[in-house]
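1. I would like the atomic coordinates for the input below:
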Amino acid sequence: MKAYKWMAALSAAAIGALAAGHAGAQETVKVGLIVSMTGQQASTGKQIKAAVELYQKQNGDAVAGKKVQVILRDSGSVPDNTKRLAQELIVNDKVNIIAGFEITPAALAVAPLATEAKVPAVVMAAGTSIITERSPYIVRTSFTVPQSCVIIADWAVKNGIKKVVTIVSDYAPGFDAEKSFTERFTGAGGQVAQAIRVPLANPDFAPFLQRAADAKPDAIFIFVPSGQGGTFMKQYTERGLDKAGIKLIGPGDVTDDDLLPNMGDAAIGTVTAHFYSADHNSPKNKTFVEAFTKAAGFRPNFMALGGYDGMHLIYEALKKTGGKADGDSLITAMKGMKWESPRGPIQIDPETRDIIQNVYIRKVEKKAGSLYNVEFATFEAVKDPVKAAKK
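-> Sure thing, here's the model as predicted:
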């Protein structure tokens, strides 16, 4: 057997050996939080980290007689780093739970490790539909891309948008966005004039925006990962597409609350479908935004909610198990769990371990001199449409 195969076999053996006993015996429940604190997805990492810290500040670091210790690791926005760090956390740090995962490749990279070690993986960010299908130990507190894309397609058709150019990032969530929007939009009589995919890393949107402008659509449907919306909006404005009357629609990543205040007035009027806005009008959200902004120094975005609710899920699962922290007990406790989040009512689907949540239609407006995604319609209890279609 070649050397690298020996190493892989030993790693698998080490991880498998841990599944039998390390979790239940500890007085401390360890959560390995793997997010990007540097690199292209750093804005996601800072949001999740701040949310996790706020949750523990508000709820303490002990639950069900166990101390909860969060061990932060920076993936540097590199999925291969995520896999290595997850393995180190499971084998060396003996964590009971791994969490974070800013993009789909990162979440998929840890799926086999979660299965082998029977360690729950709480996906706080990545949104491709298939993620929870890759391991019975994965549960998601963020969103799925199709949840918002089918809703914005419905809205577009009902509001006179007949011809669209789609622009999506060239990776799995982009494909999810393109497919779910296109099927719903064209199925209702809409036309997709062009389907454009742009590089995930350091994209220059300008040439693609020119292609879109040349097609003279009513709107551009845009999906880019959290953190790239500012670049897109800047180049959309520079190309004069706003003045040409070409609307922007899509899921909420493009008008990410973290970046929106600096996007400028060109963003005003952009309509998106998403599960959270910092402007969400509920007492619970107002309290959350105030506390988060005071503690972190910046506005929470939808990634912060994935982290905040991920910690809530972990704490409540530990309460249900009486402090038992083995993977099977925790996952069983998490299935079907419901609570009121700052985003609204949410539930972990007991069958898919994915999140069920409201999706809101929002328009960018200026309020008190700052830009916000202002919600004006609600679609309640939306499941992942891709999984729902498989039944």
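2. what domains does the record give for this protein?
-> 28-143+282-353, 146-274+359-390 (automatic domain parsing).
3. Could you single out the most deeply buried of those domains?
-> With neighbours taken as mean count of other C-beta atoms under 10 Å, the domains of the chain reach their highest mean count in domain 28-143+282-353, at a mean of 21. Yep, even glycine has a C-beta here, placed from its N, CA and C like the rest.
4. quick revisit: make JSON lines out of the domains of the chain and add mean pLDDT.
-> Listed next are the domains of the chain as JSON lines, based on pLDDT from 0 to 100:
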{"stretch": "domain 28-143+282-353", "mean pLDDT": "97"}
{"stretch": "domain 146-274+359-390", "mean pLDDT": "94"}
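5. Verify the stated contact: residue 299 with residue 258.
-> Yes: taking contacts as C-beta atoms under 8 Å, residue 299 lies within contact range of residue 258: 6.5 Å.
6. Can you give me every residue that contacts the closest residue to residue 267 other than its chain neighbours?
-> Spatial nearest neighbour of residue 267, chain neighbours left out: residue 364 (4.8 Å); criterion: C-beta to C-beta, 6 or more residues apart in numbering. In this structure, residue 364 makes contact with 255, 260, 267-270, 371-374, judged by C-beta atoms under 8 Å, 6 or more residues apart in numbering.
7. I'd assumed residue 364 was in a strand, is it?
-> Yes: under DSSP: H, G, I helix; E, B strand; the rest coil, residue 364 falls within a strand.
8. helix, strand or coil for the closest residue to residue 350 other than its chain neighbours?
-> Residue nearest to residue 350 in three dimensions, not counting chain neighbours: residue 336, with 3.8 Å by C-beta to C-beta, 6+ apart. Three-state call for residue 336 (three-state DSSP): coil.
9. surely residue 336 meets residue 347?
-> Yes: contact criterion C-beta under 8 Å: residue 336 and residue 347 qualify, at 7.0 Å.
10. Residue 317 is in contact with residue 330, correct?
-> Yes: in this structure, residue 330 is within contact of residue 317 by C-beta under 8 Å, at 5.0 Å.
11. Please report how far the residue nearest to residue 267 lies from residue 279.
-> 10 Å (C-beta to C-beta, to the nearest Å).
12. okay, and the common contacts of these two?
-> 372-374.
13. Out of these, which comes closest to residue 109?
-> residue 373 (31.1 Å; C-beta to C-beta).
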